[in-house]
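Novice: can't give you the sequence, but here's the structure:
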C-alpha cells in the first residue's frame, strides 16, 4: 500500500527535508509538490540535492492543488497554513510544520506572533510526557497534527522528565542553544548571509522574546508544571544544521542523584528516537545530523545545585520534518520508525 | 624607548598571538622566542602568518634563555611556568598566560588541577571590579602578573558589575559559552580534529568540572560576592576563535530596570576595551575578532526573573594575549592601549 | 537472505561510513567490527552517531576475527590490508578501501608509496569506461575488489568520457580539488586540527606528489589514453566532507560543442549514481552529502580552448564506502543500488 | 600632517575594511562616511566591529558629501562610481574599489559588464610587472586610481613573473580559486545565505564567464604576453574571507628549474607585501587574514610540464582595501606600508 502525499512549501529547507525523508519512506509516494514564488519551477532546480525527485514540478500552493491526497504536509510561513487548512478535506491527514496550530492559548499567540490565532492541533512530539502518559497516544488516528518548533521540542524533551518526576524545580529554568542557520529558512536577510555567520557566534532574540518560549512552557505544563519560567537564549553558530541545547534546572532540595537520573531513564528507556546517554557522555550535533534522533546527556552539578542537560537534535529532522513524519506514521497506524534514520551522518 | 621582550611557548597559539600583537607595539621589541619540542625551528615555519618576525629562531625554553629581558611573557602548559618562574629575575616583568599563578586558594587549585600549587600573582584583568575599585590599580608597578583564563575573565567581566551593585543574586548564576577550539591549543587529540568540529556543536566539561569555575568565582568574590555559585557549560563551535558567553543571574527582587542597566554602564563607561552595547543590541564574536575588546549586551527578562548578559571576546586576545599586554602596559607605566587593536576583523 | 559482514577498521571515518550504509542495507548484516588500537571498546564510544549498531564491540583486527563472513570490508591504513588479505578465505568477498590493491604497476606503487607492492584487484568504480565497456562488467562475480581513492575516482569519472570519445586531449589535464579533511582520517597531526582548518583554505601535496595521481592516470589509460599527464592540486577547505573537483582538458581542435557534450551524456545517461547536469548547471558538494551520487557539470570555454568539468562527490560515500558497497552489490548479484542513498543531505 | 578622508559605500564589506585599516593609519583621518540605502544610520549599527569609528554617521553618497576631502575612497556597486567620479574635484585623490575604471578596452568591458564604459585609471597593484618595471611607478603622484579585482590581482601577481621572464607559456593558463563569500558583498541572494555555503564548496561563473578574466589578461599583457588565454574557475568555500588561487602554466620547453624559480624570486625579492615562500612551502589563507600580504608558493611539476603557483590573499585587504590604501600611500608620497598589517590573524 502506498499513500499519496502532497508537500506544500516544497522549495524551502523544511519542505526539502520532508521530501528527502519521504523519498525513502516505504509507505508514502510524493505526487504533488507546491510552492508560492517558485511555482512552475522544476524541483530539480529548487532542490538540486533531491536527485530521486527531480522529475517533479512545483505547482502553486492552493487548497485545490493539495486536495485529493491521503496526506498533506505543510511547510509554510507562519499565518499561511492557518488560512489554507480550513479548506483541506477533513479525511486527509494534514501535518503542519508551521506555528499556526501549535499554541493552545490565544493570548500566548497574541503575545508572540502577529496575525490571527488558529486553534491548536495535536502536538507532534510523540515522546513528550503528557499527564503521566506520552503524547504518542493523542496522535493515534489524528487527522490534524502540528509539528513542533525545533527549539521548543528540544528543550521540552530535555526537561519534561525531570518536571514530571518532581526532581527539578519548574521555576527559573535556563536554556542556551547553539543552533544552525537553516532554522531561519531561505529568508533573504542580512543576518542570514554566510559572511555574517562564518567564523562567528551570533545571538538573537535575547531576553525572553523568542517565539518558542510559550511553546516550551506549554510542553512543560503538559508534563505537570504549574507555572514554569525559563530564560531562553539561542545563538547562531556556523553549522548549517543542528541544535545543541544546554537546558538546566534547579534540583528540588533533597533529591538523590539516582532519583534524578531515573527520571530521564524511565521516560526514554523504550523510545526509538530519544536516547539518554550514559553518565559522563554528552552528545554532539554531528551525531544526529540527518537523523530523527534526539540524544540527551545529563549531569548533576551539586555545587551549582542544578541538573544540566545537553541535547542534540537536527533541527530539520527531529526538530521539524522527522517529527512530522513520525507523527504521521503514528496517526496512520504505520510503523512509527518507517522512513526515519536513527544514525547520524558524521563526521 | 624600546623594552626587550622574550616570549616563551612561542610556537603555540597563545604565543603566536602575543607575537602578533607585540610586533605592532610601539614600546616593545621581541628579541627572544622559545619553545620546547619546536626549539631550533625557525619562527617562520612554526608561525607562518607572522611575516614580520620570520627572522627569529626558536630557542629552548629555559630560565637562561629568558633571562636578560625587560619583559617575559610565558605561554606554557599548566605546571610549566610555575617551575620556571622562580628562576626568573625579580626585576623583570613576568606575565604568565598559564593557570599556575591565578588562584589564590590552594584548595581550589587542588580541586581542579593536578600537580603543585604556586602562589597567586596580580590578576591581569584591569577592568574587573575589586573592592569598589578596579583591578587596574593593583597592576601598576607589578612585576608578576597572571593573565586570565579566557572563559573565566569573560564571565567575570559580564557579571561583576551586577554583583558589585547588588542588583543580581550571587547564587545560581548560569553561564553557557560558545567557544572556538583555539583555546585548546595545538594539543593533538581526537576531539580537536577538524573533522570532529566542522559542522557540529560539541559540549565538554559539562556539570561543573571546568577548570575556569574557581577562577570565575574568585573574580566574583572580588566584586563583593560572599559565596557565589555558577552552572558553567562550554560548547565548542566551528569557528577558530571567539567566545560568546551567555551569562545570566537572578534579579534581586525589587530592583528597577534602570538600576540594573546603570550597574553595567557605570562600571564600564570609561573603559577603552570593555563596552556595554545600547539596550537591544547584542554582540557577535566576529565583532571582536583580533581585537582586545569585550562587548557586552544586556537584557532584562522580567518573565524569567533574570538578567541576561551576552559577552563577545576573542579568546586569544582579550581572553589571553591582549589581556597580558594590556596588563604589562599598566605595570610598566606605558599607555594602557598601546599595541592593542580595538576594532575587530569582520566579516 | 542476509549476508554476514565484517568491517575492519571500524573505528575510523571510512569504517564508520561503511557501517552507516550497511546498517540500512537490506541484504547485509554486520556481525563483526574490528579495530587496532580501539579493540575492546564499544562501537558506541568510537562511533557515537551509529545508534543502531551501538550494541557491537570492536574486536582485534586479525585474519581470525574476519574469517567466517560472507563479505569483509577493509578500511585500514596503507600496507595493512595487503598483509592481511592473503590470509582471508578465497570464497569470501573482500573489498579493500585502502590503496594496497589499486595500482596495476609496481613501479607506480614504488614511486608514490612506501613498503611492499601487492597485486591489483578489480577496481571498484563501476561507471568507469574501460575499453569501450564499463568497469561494472569486471566486477560481476568478483571476490577481490579495490575500492577507489576518493580524489582519483572523482577526477577519472570526470574526464574519462572525453578521453574515450576522443574529444579532449590526454596531455596537459589540470585538476584542482576543494576537499574536506575527513579524507585524512583520524590521524593526529597538526595540519588536521580544527584551528588550522577553520576559516582557511590549505593546499597540500602540490606539484605532482599526491598518491592519487598514478591511480587517475591508470583510470584514464583504461578509457583509452596512451600517456596522459595531469597537474593535480588538492586544497583542504573547512567542510568535513566533500570533494569539488574542477578538472579541465584541452579540446581536440575541430571538435563541436555538441560532440563534447554528447561524450558525457552518452557515458552516464543510464547510470543510477553518476549524473551529468544540464548545460549551465554546476553541482555543490552539499548536493551529494551522505549520498552515493557524483554530479558533473560541464562547460566549454572556447576562449581558453578547454572543457571544464566540475564534479561533486562525498569523499566518504561515492569516494570510498559507497563505491565499496555498490561494487559488492554487483559482485554478489544484488541490486546495484541496494542500501545506497541517491539524495544528498542539504542544506 | 593628517589628510582628510571620505569613504563612500561605508556600510558594505569593502567599505568596512577600508575603514578598519584607515582607523589605524598614521596619516589619514576619516571625516566622512557615506552610503546609499543606509544613509542616516550610525556607522556603529552598520559596522558594529568598528568600535573606534562608532561616532560617525552615514551621510548620503553624493558628489557634494564627498567634496572637500584630500582623499576619497569609493566602494560602490559597478556603474555607480563611474557616474560619480566625473563630479569629484581633480585635485583630490580618488581611489575606486569598483570595476568601473579598471579595463583599458571598451570592448572587454562590453563583453563582461552591463552599462556604460568609463575610462581606465591607474591600476592599483604596485607590484605588478609592467613593461619591465613595476606598476608602482605609474602610481606616484596619481590622482585617479582603480583598485583591482581581488581574484584578478591574485592571479596576475601569481603568473606575471613567469610571463615577464619568458619561462612559462602565455597560452593555456589554468586558474582555480577557493574564495570566501565576502567578495560578493552584502547582496541578499539565495546563493549567499549561510545555509547554502556552510559545509559545501560551490562553483560559480564556470566556463570563462567571470568578470575578472579580462582584467587578468590585461595584467598579463602588461607583463609582456601577446595574446594570453586562461581557464578560470572560482569556487566559494565556507570561510568568510580569503582567496587561495592555484594558477598553473605550461613550462616553456627547455627552461631550467632554477630559471623558473629565479623569475619569481627576482620579481618579488624586495616587495614588502608580496612574498615568495621557500621551495616546498605553500601558503594557507589563514596566514594572510586581515593582512595586506600575498604569499606565493611555487612548484615545478615536470611530469605534468607545468609550473604550479599557489597564492593566498585576503580578498578584502590585499585584494581590495589594502591595495587601495597602499596605492594611495604611493600616490601621495607617504610611506608605502603605512597603516597596512603584514602579519595575518591566525588561527
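Specialist: Perfect, I can see it now. Everything numeric here is computed off the predicted structure, so don't read it as measured data.
Novice: mind checking how far residue A:180 is from residue B:282?
Specialist: Distance of residue A:180 to residue B:282, computed by C-beta to C-beta, to the nearest Å: 19 Å. Bear in mind the C-beta positions are built from the backbone N, C-alpha and C, glycine included.
Novice: Between these two, tell me which one has more neighbours.
Specialist: residue A:180 (31 against 27; other C-beta atoms under 10 Å in any protein chain shown).
Novice: Look up how far residue C:345 lies from that one.
Specialist: Distance from residue A:180 to residue C:345, by C-beta to C-beta: 13 Å.
Novice: Helix or strand: which one has residue A:232?
Specialist: strand A:230-236 (DSSP states H and E).
Novice: Mind checking what helix or strand follows that strand in sequence?
Specialist: According to DSSP H and E, the helix or strand after strand A:230-236 is strand A:243-250.
Novice: now that next one against strand A:230-236, angle please.
Specialist: On the basis of axes from the mean of the first three to the mean of the last three C-alpha atoms, to 10 degrees, strand A:243-250 is oriented at 160 degrees to strand A:230-236.
Novice: tell me what strand A:243-250 is packed against?
Specialist: helix A:150-165, strand A:173-179, strand A:306-313, strand B:202-203, strand B:230-236 (3 or more C-beta pairs under 8 Å, 6 or more residues apart in numbering or on different chains; DSSP states H and E).
Novice: Give me the buried positions along it.
Specialist: A:243-250 (16 or more other C-beta atoms under 10 Å in any protein chain shown).
Novice: OK, contacts around the closest residue to residue A:334 other than its chain neighbours?
Specialist: Among residues not flanking residue A:334 along the chain, residue A:27 sits closest, at 5.3 Å (C-beta to C-beta, 6 or more residues apart in numbering or on different chains). Residues near residue A:27 by C-beta atoms under 8 Å, 6 or more residues apart in numbering or on different chains: A:1-3, A:329, A:332, A:334, A:338-339.
Novice: let's see 10 Å
Specialist: By C-beta atoms under 10 Å, 6 or more residues apart in numbering or on different chains, the residues touching residue A:27 are A:1-3, A:5, A:70-71, A:328-329, A:332, A:334-335, A:338-339.
Novice: What's the separation between it and residue A:338?
Specialist: Counting by C-beta to C-beta - residue A:27 and residue A:338 are separated by 6 Å.
Novice: what residues are shared contacts of these two?
Specialist: With C-beta under 10 Å, 6+ apart as the test, residue A:27 and residue A:338 both reach A:328-329, A:332.
Novice: show me the contacts for residue A:314.
Specialist: With C-beta under 10 Å, 6+ apart, residue A:314 has these contacts: A:17, A:150, A:180, A:182, A:241-243, A:285-294, A:320-322, A:341, A:344-345, C:345.
Novice: try 8 Å this time
Specialist: So residue A:314 contacts A:241-243, A:285, A:288-293, A:322, A:344 (C-beta under 8 Å, 6+ apart).
Novice: swap in residue A:217?
Specialist: So residue A:217 contacts A:225, A:228-230 (C-beta under 8 Å, 6+ apart).
Novice: And residue A:286, by the same measure?
Specialist: Contacts of residue A:286 (C-beta under 8 Å, 6+ apart): A:242, A:344-347, B:196, B:199-200, B:202, C:49, C:240.
Novice: Specify which member of those is nearest to chain D.
Specialist: Chain D lies nearest to residue B:199 out of these, by C-beta to the nearest C-beta, at 5.1 Å.
Novice: Pull up the per-residue confidence for that closest one.
Specialist: pLDDT, residue B:199: 98.
Novice: That one reaches residue A:240, doesn't it?
Specialist: Yes - assessed by C-beta atoms under 8 Å, residue B:199 is found in contact with residue A:240 at 7.0 Å.
Novice: circling back: so which pair among the contacts of residue A:286 is furthest apart in space?
Specialist: A:345 and B:202 (15.7 Å; C-beta to C-beta).
Novice: quick one: which of the two has more around it?
Specialist: Neighbour tally, residue A:345 and residue B:202, criterion other C-beta under 10 Å: the higher count belongs to residue A:345, 27 against 24.
Novice: Kindly confirm my reading that the more buried one forms part of a helix.
Specialist: No - checked against DSSP: H, G, I helix; E, B strand; the rest coil, residue A:345 lies outside a helix; its state is coil.
Novice: Now do the contacts for it.
Specialist: Residue A:345 sits next to A:286, A:289-291, C:20, C:49, C:289-290, C:345 when contact means C-beta under 8 Å, 6+ apart.
Novice: let's see 7 Å
Specialist: A:289-290, C:290, C:345 (C-beta atoms under 7 Å, 6 or more residues apart in numbering or on different chains).
Novice: related to what we said a few turns ago, adding pLDDT as columns, could you present the buried residues of strand A:243-250 in CSV?
Specialist: Listed next are the buried residues of strand A:243-250 as CSV, based on pLDDT from 0 to 100:
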residue, pLDDT
A:243, 98
A:244, 98
A:245, 98
A:246, 98
A:247, 98
A:248, 98
A:249, 98
A:250, 98
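Novice: Now that we have these, can you turn them into CSV and tack on distance to residue D:62?
Specialist: As requested, the buried residues of strand A:243-250 are exported to CSV (distance: C-beta to C-beta, whole Å):
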residue, distance to residue D:62
A:243, 47
A:244, 48
A:245, 49
A:246, 50
A:247, 52
A:248, 54
A:249, 57
A:250, 59
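Novice: just the strands in the stretch 51-200 of chain A please.
Specialist: A:58-60, A:71-74, A:93-96, A:122-123, A:129-130, A:133-134, A:144-146, A:173-179 (DSSP state E, counting those that start in this stretch).
Novice: For residue A:84, find the nearest of these.
Specialist: strand A:71-74 (7.0 Å).
Novice: Flag every residue of chain A that's near chain C.
Specialist: A:13, A:20, A:23, A:48-52, A:182, A:199, A:240, A:275, A:286-287, A:290, A:293, A:342-347 (C-beta under 7 Å from any C-beta of the partner chain).
Novice: could you redo the last one with a cut-off of 6 Å?
Specialist: A:13, A:20, A:23, A:48-52, A:182, A:199, A:240, A:287, A:290, A:293, A:342-347 (C-beta under 6 Å from any C-beta of the partner chain).
Novice: List the ones among those residues that fall in helices.
Specialist: The helices, defined by DSSP state H, take in A:13, A:20, A:23 from the residues of chain A next to chain C.
Novice: Quick check: the residue nearest to the second one when sequence neighbours are not counted vs residue D:109, distance?
Specialist: Sequence neighbours aside, residue C:343 is the residue nearest to residue A:20 in space, at 5.3 Å (criterion: C-beta to C-beta, 6+ apart). When distance is defined by C-beta to C-beta, residue C:343 is 43 Å away from residue D:109.
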